[in-house]
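A.B. asks: Got a predicted structure plus its sequence, pasted below:
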Amino acid sequence: METGCWLLGGDFEDSVFEDRRERRPGLPASYRAKRCEPQWFCEETGSTDEAETLTMKKFKGDLAYRRQEYQKALQEYSSISEKLPSTNFAMKRDIQEGQARCLVHLGRHLEALEIATNLENKATNTDHLTTVLYLQFAICSSLQNLEKTIFCLQKLISLHPFDPWSWSRLAEAYLNLGPALSASCVTSQTQNHPTSSDKTVKSSFPRSGKDSLLGSPEMLPESSVFSLGPSGNSNQKSEKALKNIQNCMAEKREAVLLETQMKACASFIRTRLLLQLTQSQQTSFALERNLRTQQEIEDKMKQFSFREDTLLLIAEVMGEDMVPEKIKDQVHTEVKCVGSAALTALVIASSKEFEDKWFGRIKYQSRPFENQFHSEIQIMA
């Protein structure tokens, strides 16, 4: 190599050739950490540092929220939001989440959902999105909107498929959804198929016109009203049709209830399998909670009337991806920092997509379910 030629990046820092500072004799000064008294932020400090002032106001809002003084907490958060620099993204997210949670407790759910949707659209990594989905779950649970609550949990699970607690919440939500769906089936069927008694009443009172002498049933003799009704043969046909409709409604209701019970059962089994995997790594109160939850699941499973081979099939399907190495990689994975569009692709787009992925095989491979769904299709036809 020629003299005077240097490799790119091969030069030394000037600090390498500087003389080191001599150490002073004697013991070094002891370090004294700054001590803050409880609720130190409630006192007026007269600080001119705007960042410190905003931080103190946030702490005041947090304290008010903890004390369940939600209106006061909302006022503190709102006053910070107006003065917060646009570049302080971390505190802005915290403030908006605090505002949304206060609005939920104040009964202003639509405003809370609007904030949560805005946070979801602006999320840039999986941690942000997870926090927002838990916020949406809290809002929908407070609204008692079971379908949206389930969808929030499904999106959380699509991000964290090995989290047993999200699966446990999903199972409980499906249990609550079953009776609600079966009741809605009855209502829709009743609206689409009026009873024979309704038809009899309607036929007994013909449509009145301005010039019609028979415009009011009060103007007819009693015998005339009955003579306008259906004949005895028609009555029998109407009663038979009504009975068929009632049977169809009962079968439809049973099919819907069975399907939601299957989804709840599968979610419970998935929860138990995940808890069993982590059991050996836990101690103390974490292990106690784990074992207690497994016992609660065991008790709830007794309420289902599924056969043993059906339960084995569910366990096989729900535990297919539970390879220890895969779970370890999933749990210790780094936070994915991606754009909003790429982040959206990580979660499921619809409840149907989630249920097809996790419950589709169970639905079509289990004979009792298959028969039940065939009868459901016949009813709907």
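C.D. replies: Cool, got the structure.

A.B. asks: so where is this structure shaky, pLDDT-wise?
C.D. replies: 1-24, 45-47, 182-232, 326-339, 366-381 (pLDDT under 70).

A.B. asks: Check it for its longest helix and report it.
C.D. replies: helix 232-278 (DSSP state H).

A.B. asks: gap between whichever strand or helix holds Asp62 and the chain center?
C.D. replies: Here Asp62, judged by DSSP states H and E, is contained in helix 50-66. Its chain's average C-alpha position is 29 Å from that of helix 50-66, according to Cα atoms, centre = their mean, to the nearest Å.

A.B. asks: Please determine how far the most centrally placed residue in the chain is located from Arg108.
C.D. replies: What sits nearest the mean C-alpha location of the chain, by Cα atoms, centre = their mean, is Cys152, with 2.7 Å. Going from Cys152 to Arg108 by Cβ to Cβ, to the nearest Å gives 19 Å. Where you see a C-beta, it was placed from the backbone N, CA and C, and this is true even at glycine.

A.B. asks: From the contact counts, what lies against the longest helix of the chain?
C.D. replies: Here helix 232-278 touches helix 164-192, helix 196-204, helix 284-301, helix 308-318, helix 351-365, helix 367-380, going by 3 or more Cβ pairs under 8 Å, 6 or more residues apart in numbering; DSSP states H and E.

A.B. asks: hmm, 10 Å instead?
C.D. replies: Packing contacts for helix 232-278, counted by 3 or more Cβ pairs under 10 Å, 6 or more residues apart in numbering; DSSP states H and E, involve helix 146-159, helix 164-192, helix 196-204, helix 284-301, helix 308-318, helix 324-331, helix 351-365, helix 367-380.

A.B. asks: I'd assumed Pro28 was in a strand, is it?
C.D. replies: No: secondary structure of Pro28 (DSSP: H, G, I helix; E, B strand; the rest coil): coil, not part of a strand.

A.B. asks: Run a quick neighbour tally on it.
C.D. replies: 7 (other Cβ atoms under 10 Å).

A.B. asks: For Asn125, grab phi and psi.
C.D. replies: Per-residue torsions, Asn125: phi -150, psi 170 (degrees, to the nearest 10).

A.B. asks: Surely it touches Leu343?
C.D. replies: Yes: using Cβ atoms under 10 Å, Asn125 makes contact with Leu343 at a distance of 7.3 Å.

A.B. asks: Looking at the two, which is more packed in?
C.D. replies: Counted by other Cβ under 10 Å, Asn125 and Leu343 do not tie: Leu343 has more neighbours, with 20 against 14.

A.B. asks: Surely that one is in a strand?
C.D. replies: No: per three-state DSSP, Leu343 lies outside any strand segment and is helix.

A.B. asks: and it, what is it in contact with?
C.D. replies: Glu120, Asn121, Ala123, Thr124, Asn125, Thr126, His128, Leu129, Leu159, Lys336, Cys337 (Cβ atoms under 10 Å, 6 or more residues apart in numbering).

A.B. asks: For burial, what's the neighbour tally of Tyr70?
C.D. replies: 17.

A.B. asks: Hmm, I typed the wrong one, I wanted Gln281.
C.D. replies: When neighbours are counted by other Cβ under 10 Å, Gln281 comes out with 9.

A.B. asks: can you offset everything so residue one is 23?
C.D. replies: Right, with 23 as the first residue, what we last looked at is Gln303.

A.B. asks: Is it in contact with Leu297, as I believe?
C.D. replies: No: if you go by Cβ under 10 Å, Gln303 and Leu297 don't touch, sitting 11.1 Å apart.

A.B. asks: and for those two, which residues touch both?
C.D. replies: Common neighbours of Gln303 and Leu297 (Cβ under 10 Å, 6+ apart) are Asn312.

A.B. asks: Next, give phi and psi for Gln90.
C.D. replies: The phi/psi pair for Gln90 (degrees, to the nearest 10) is phi 70, psi 30.
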